[in-house]
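Trainee: this one's structure only:
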């Protein structure tokens, strides 16, 4: 893959940031598809991140999206979800895919990392937003034991990791050549 100029990488990061903030804003406004919008916002980091030498630009996109979201979006819960889990999906994907070629081991490492980040996010949510009280109340209303909740979260994370991998492969194989013109 031929490299693009730093100006193009910065432009890709800026466009990705704008699209991510838009997805975050839509997630804070709608009552449905909030997780899907957060997932789409996390996919935007992949655009500058996957370019040769694009880790810095991906990180800039991640930080700028988080900062702008905190400034513009009234519900800070979605900003925290992006900052602590969704925005890091691209970095986790890139790190563990380049660490090992074994897909099963890579998936297990991604799942462990995302599980730890999810636990951290739930802990921070309980400290900042009284999420533990709301979560326990909802679980008791539906009669869901804690072990079942953990299995549901792990299944959702597994699905998100697999879907993220699929979307990034489609982007890399089909859309990248059309989006970024190379010399």
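Mentor: Perfect, thanks for sending it. The model shown is predicted, which means the values in this text are computed figures rather than measured ones. Numbers count the residues shown, from 1 in each chain.
Trainee: From now on I want contacts and neighbour counts done on CA atoms only, so please keep to that.
Mentor: Noted.
Trainee: Just name the shakiest helix or strand of the protein by mean pLDDT.
Mentor: Lowest mean confidence among the helices and strands of the chain (mean pLDDT, DSSP states H and E): helix 131-142, at a mean of 70.
Trainee: Quick check: what element follows that helix along the chain?
Mentor: helix 146-170 (DSSP states H and E).
Trainee: Just the mean pLDDT for that next one, thanks.
Mentor: Mean pLDDT, computed over helix 146-170, is 90.
Trainee: so how far is whatever helix or strand comes next after it from its chain's centroid?
Mentor: Following helix 146-170 in sequence order, the next helix or strand is helix 176-179 (DSSP H and E). Distance of helix 176-179 from the chain centroid (C-alpha atoms, centre = their mean, to the nearest Å) equals 21 Å.
Trainee: Can we start the residue count at 5 from this point?
Mentor: Renumbered: residue one is now 5, and that last one reads helix 180-183.
Trainee: what's helix 180-183 in contact with?
Mentor: For helix 180-183, there are no surrounding residues in contact (C-alpha atoms under 8 Å, 6 or more residues apart in numbering).
Trainee: try stretch 25-39
Mentor: With contact meaning C-alpha under 8 Å, 6+ apart, stretch 25-39 is reached by 41-42, 44-45, 69, 72-73, 76-79, 82-83.
Trainee: make it 10 Å
Mentor: 19-24, 40-46, 48, 68-74, 76-83, 85-86, 90, 164 (C-alpha atoms under 10 Å, 6 or more residues apart in numbering).
Trainee: Of these, grab the buried ones for PyMOL.
Mentor: Those of these that count as buried under 16 or more other C-alpha atoms under 10 Å are selected in PyMOL with:
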select buried, resi 19+20+21+22+23+24+41+42+43+44+45+46+48+68+69+70+72+73+74+77+80+81+82+83+85+86+90+164
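Trainee: in this structure, which spans are helices?
Mentor: Ranges of helices in the chain, per DSSP state H, are 10-33, 38-48, 50-53, 59-76, 80-88, 93-103, 107-133, 135-146, 150-174, 180-183.
Trainee: tell me the most buried of the ones you listed?
Mentor: Between those, helix 50-53 has the highest mean count of neighbours, a mean of 26, where neighbours are mean count of other C-alpha atoms under 10 Å.
Trainee: just checking, what packs against it?
Mentor: On a contact count with 3 or more C-alpha pairs under 10 Å, 6 or more residues apart in numbering; DSSP states H and E, helix 50-53 meets helix 10-33, helix 59-76, helix 93-103, helix 150-174.
Trainee: What residues does residue 74 make contact with?
Mentor: Residue 74 touches 25, 68, 80, 81, 82, 83, 84, 87, counting by C-alpha under 10 Å, 6+ apart.
Trainee: now swap in residue 81 and tell me
Mentor: 32, 74, 87, 129, 132, 133, 135.
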